[in-house]
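In: no sequence on this one, just coordinates:
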């Protein structure tokens, strides 16, 4: 399963299973999965709305931006992105190759968590 865009009606981000050729859960569904929840948390403010299927975006460009942000959030589950990086990524910023969010200092909560 991989996170991808479903462009039926609006643009939804969901878990695509290439073996089945279809989507399973969408961001906006309530799941007890750390990857799903991290991705949803990262993109929920950029969604244009939510319906019975889940969070949706009205343009492909906005959905692609959100998808990049969701994938980055999943890749950095142990190192959540600071708020400034979430905002920048939603606006199309692409982190330099090898960039990772700063590690929280011992005994401190990281900004944006």
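Out: Perfect, thanks for sending it. Quantities reported herein were computed from a predicted structural model and do not represent experimental measurements.

In: okay, now residue 44: neighbour count?
Out: A total of 13 residues lie near residue 44 under the criterion other C-beta atoms under 10 Å. Backbone N, C-alpha and C define where each C-beta goes, glycine included.

In: you'd agree it is up against residue 56?
Out: No - in terms of C-beta atoms under 8 Å, residue 44 does not count as a neighbour of residue 56; the distance is 11.6 Å.

In: which stretches of the protein form strands?
Out: Using DSSP state E, the strands assigned to the chain run over residues 2-6, 11-17, 22-26, 49-50, 55-57.

In: any idea of the mean pLDDT for the last one?
Out: What strand 55-57 shows for mean pLDDT is 96.

In: Parallel or antiparallel, which strands does it pair with?
Out: Next to strand 55-57 in the sheet, as set by DSSP bridges, lie strand 11-17 (antiparallel), strand 49-50 (antiparallel).

In: centroid residue for the protein?
Out: In the chain, the residue lying closest to the centroid (C-alpha atoms, centre = their mean) is residue 70, at 1.8 Å.

In: Next, find the distance separating the nearest residue in space to that one that is not next to it in sequence from residue 58.
Out: If you skip the residues right next to it in sequence, residue 70 has residue 39 as its closest partner in space, 3.7 Å away by C-beta to C-beta, 6 or more residues apart in numbering. With the distance defined as C-beta to C-beta, to the nearest Å, residue 39 ends up 19 Å from residue 58.

In: who's more crowded, these two?
Out: In terms of neighbours (other C-beta under 10 Å), residue 39 is the more surrounded of residue 39 and residue 58; the figures are 24 against 12.

In: So which residues make contact with stretch 35-53?
Out: The list of residues contacting stretch 35-53 from outside it, by C-beta atoms under 8 Å, 6 or more residues apart in numbering, reads 3, 9-10, 12-13, 15, 25-29, 31, 55-58, 62, 65-66, 69-74, 77, 80-81, 86, 90.

In: Just the buried ones from the residues you listed, in PyMOL syntax?
Out: One line in PyMOL is enough to select the buried members of those, burial here meaning 16 or more other C-beta atoms under 10 Å:
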select buried, resi 3+10+12+13+15+26+27+28+55+56+57+62+65+66+69+70+71+72+73+74+80+81+86+90
